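1. Here you go, sequence then predicted model.
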Amino acid sequence: HWGYGKDDGPSIWHQNFPVAEGDRQSPIDIMPQQASHDPNLGPIVLNYDHCTSLNICNNGHSVVVEFDDTDDRSVILGGPLDNPYRLKQFHFHWGGKGCHGSEHTVEGNSYASELHLVHWNAVKYRSFGEAASAPDGLAVLGIFLETGDDHRWLHTITDALYMVKYKASVTDFKGFNPKCLLPSSLHYWTYLGSLTTPPLHESVTWIVLKEPIAVSERQASFECSCSLGRKRIRGYAWKITSGPPSLSKAGKYAPPIN
Ligand SMILES: NS(=O)(=O)c1ccc2o/c(=N\O)[nH]c2c1
Ligand SMILES: [Zn+2]
């Protein structure tokens, strides 16, 4: 099976998953100066008010919180998306003790951790599995975590993680609304990419928020038995476009560069 070690890590994933050598592989190194601003891109909208978290599980690669995605009660829309995409799960990419575990980097800099909120296009596809292998099937919202103050809501997750410290354990996790994990600004970069772990399908519209959220050193260094290494950075950022200027800055906003 795949992992992050020397003989099962990203550099050999292509043997079982040839798409690893594709031309829209994630993660990438985001270079803000090389991003072109697209004025046609509106803000992203997160309708999570009626979301239903179900459980939290440790699949040996990450710790995942799963949601009820049998209807459109929690969706992401707007921005680069032509349809609403249904929230299926979120998970983290933690670093090991003290080392940074984010998958995307910004000008070569990595963050302590990275949160991925995974959504699928239920308008065009009948299941997550079908959407996961379609070029416009998934939309993943990426949020960087940096060390700073204690994050008051992350405790609920890190406390629950101790229940699923070992691989393939699942525990109830109801009533959690991921809206509490969002930073204050929803300004974003977006690009067409892939799953960052096998099967590496090139089916993800990535929406990476510019503003990180702060978590404490202890929270950031949380390591479960699934602690992940770092995936080799592939490719480079392009066709990255940021969200619209907030009204307060509109007057000073630099003209879009194309
Ligand atoms: N890390 S990621 O690109 O968000 C991501 C999201 C959903 C996924 O499902 C997977 N296998 O079934 N890998 C995977 C990676
Ligand atoms: Zn991920």
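-> Looks like it came in fine. Ligands and ions are numbered 1, 2, ... in the order given.
2. secondary structure class for the closest residue in space to residue 143 that isn't next to it in sequence?
-> Among residues not flanking residue 143 along the chain, residue 115 sits closest, at 4.4 Å (Cβ to Cβ, 6 or more residues apart in numbering). C-beta: built from backbone N, CA, C; applies to glycine. Assigned with DSSP: H, G, I helix; E, B strand; the rest coil, residue 115 falls in the strand class.
3. residues touching residue 115, list them.
-> 90-92, 142-145, 181, 213 (Cβ atoms under 8 Å, 6 or more residues apart in numbering).
4. Looking at those, which one is closest to residue 133?
-> Among the contacts of residue 115, residue 91 lies closest to residue 133 (Cβ to Cβ), at 19.1 Å.
5. That closest one reaches residue 60, doesn't it?
-> No. Contact criterion Cβ atoms under 8 Å: residue 91 and residue 60 do not qualify, at 11.9 Å.
6. Just want to know which of these two has more residues nearby.
-> More crowded of residue 91 and residue 60, by other Cβ atoms under 10 Å: residue 91, with 23 against 14.
7. if I look at that one, how far off is ligand 1?
-> Distance, residue 91 to ligand 1, by Cβ to the nearest ligand atom, to the nearest Å: 7 Å.
8. can you tell me how far that residue sits from residue 117?
-> 9 Å (Cβ to Cβ, to the nearest Å).
9. show me what contacts the most centrally placed residue in the chain?
-> When Cα atoms, centre = their mean is applied to the chain, the residue found nearest the centroid is residue 116 (2.3 Å). When contacts are counted by Cβ under 8 Å, 6+ apart, residue 116 touches 90-93, 140-142, 196.
10. mind redoing it with 10 Å?
-> 62, 64, 89-93, 103-104, 140-143, 195-196, 204, 206, 208 (Cβ atoms under 10 Å, 6 or more residues apart in numbering).
11. just residue 171 next, same as before
-> 55-58, 160-164.
12. Show me these that map onto helices.
-> 160-161 (DSSP state H).
13. buried subset of the contacts of residue 171?
-> 55-58, 160-161, 164 (16 or more other Cβ atoms under 10 Å).
14. Which pair in these has the greatest spatial separation?
-> The most distant members of those, if one measures by Cβ to Cβ, are 55 and 161, lying 12.5 Å apart.
15. Name the residues contacting each of the two.
-> Common neighbours of residue 55 and residue 161 (Cβ under 10 Å, 6+ apart) are 171, 173.
16. all helices for the stretch 101-250 of the chain, in order.
-> 128-132, 154-161, 217-220, 247-250 (DSSP state H, counting those that start in this stretch).
17. Spell out which parts of this protein neighbour ligand 1.
-> Residues of the chain found near ligand 1 (Cβ under 6 Å from any ligand atom) are 116, 118, 140, 195-197, 204.
18. From the residues you listed, list just the buried residues.
-> 116, 118, 140, 195-197, 204.
19. returning to that earlier point: can you list the helices of the stretch 101-250 of the chain in TSV and add distance to residue 10?
-> TSV is the format used below for the helices of the stretch 101-250 of the chain (distance: least, Cβ to Cβ, whole Å):
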stretch	distance to residue 10
helix 128-132	19
helix 154-161	24
helix 217-220	22
helix 247-250	38
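20. could I get those helices as TSV with mean pLDDT?
-> What follows is those, written out as TSV (pLDDT from 0 to 100):
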stretch	mean pLDDT
helix 128-132	98
helix 154-161	82
helix 217-220	75
helix 247-250	28
